[in-house]
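Chemist: everything below, folded, please.
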Amino acid sequence: MSKFQVGDLCITQNAEVSLLNNGLLVVIVEIDPTRNGGATPYLIRRIDGQKYPCTYEFESGVTQFYFYTQTWSSQHKLRRIDPDETSDYVEKTKVLNEPA
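Modeler: Purely as a prediction, here's the structure:
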């Protein structure tokens, strides 16, 4: 049984490139328990639609910067959030209009 379900909102954590990838608000798009031997079963997408700052191609190990809009993730790199936390996150990270 998966800890997360498709549609769950999560915050990224424990990323290898933490300054770029931690704290992103994502949604679970797909679950494949066989993916990468079960190590990365969750396909995630940022809810703001932006590309991930840093991802790795599993087959080649090549680092990609701002290349993918979806990526596979391990369970320990995700933390489910509640709806109240979501509205707090959106409020804290919204872009403010610059003064005219």
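
Chemist: could you give the bridge partners of residue 10?
Modeler: With DSSP bridges as the criterion, residue 10 is bridged to residue 26, residue 80.

Chemist: contact partners for it?
Modeler: Residue 10 makes contact with 4, 25, 26, 27, 28, 44, 78, 79, 80, 81, according to Cβ atoms under 8 Å, 6 or more residues apart in numbering. (C-beta placed from N, C-alpha, C; glycine too.)

Chemist: and the gap between it and residue 41?
Modeler: Noted for residue 10: a distance of 13 Å to residue 41, by Cβ to Cβ, to the nearest Å.

Chemist: repeat that for residue 26.
Modeler: 14 Å.

Chemist: when those two are compared, which one has more neighbours?
Modeler: Taking other Cβ atoms under 10 Å, residue 26 and residue 41 do not tie; residue 26 has more neighbours (24 against 21).
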